[in-house]
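Novice: structure for the following, please:
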Amino acid sequence: MTEKIREQIMAIRDSGETNMLDTRTVQWIANREGYYELVVYLEEHSKEYWHFIMTGEES
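Specialist: Below is the predicted model of the structure:
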């Protein structure tokens, strides 16, 4: 996970717009906000994303 992707995840989390476990909505918001790196990351690294959301640790 790059620092940019981490910042994008945190921006969506801080907005409070969705539950971060709802990855489809997270991806939709990311696309709307122009966070294209996160959109791709969610498609290609879902396990790493879940690990980060559940533990706060990057794997």
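
Novice: pull the longest helix from the protein.
Specialist: As assigned by DSSP state H, the longest helix anywhere in the chain is helix 3-15.

Novice: can you give me the helices in this structure?
Specialist: Under the criterion DSSP H, the chain contains helices at 3-15, 23-33, 36-44, 46-55.

Novice: export these to TSV and tack on mean neighbour count and mean pLDDT?
Specialist: Glycine gets a C-beta too; all of them are placed from N, C-alpha and C. Compiled in TSV, those are given as follows (neighbours: other Cβ atoms under 10 Å; pLDDT from 0 to 100):
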stretch	mean neighbour count	mean pLDDT
helix 3-15	14	97
helix 23-33	16	97
helix 36-44	16	97
helix 46-55	14	95
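
Novice: OK, contacts around the residue nearest to Thr18 when sequence neighbours are not counted?
Specialist: Nearest residue to Thr18, sequence neighbours excluded (Cβ to Cβ, 6 or more residues apart in numbering): Thr25, at 4.3 Å. Contact analysis of Thr25 by Cβ atoms under 8 Å, 6 or more residues apart in numbering lists 17-19.

Novice: and those residues as CSV, adding distance to Thr2?
Specialist: Listed next are the contacts of Thr25 as CSV, based on distance: Cβ to Cβ, whole Å:
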residue, distance to Thr2
Glu17, 22
Thr18, 22
Asn19, 24
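
Novice: reformat these as JSON lines; add neighbour count and pLDDT.
Specialist: Output for the contacts of Thr25, formatted as JSON lines (neighbours: other Cβ under 10 Å; pLDDT from 0 to 100):
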{"residue": "Glu17", "neighbour count": "14", "pLDDT": "97"}
{"residue": "Thr18", "neighbour count": "15", "pLDDT": "96"}
{"residue": "Asn19", "neighbour count": "11", "pLDDT": "96"}
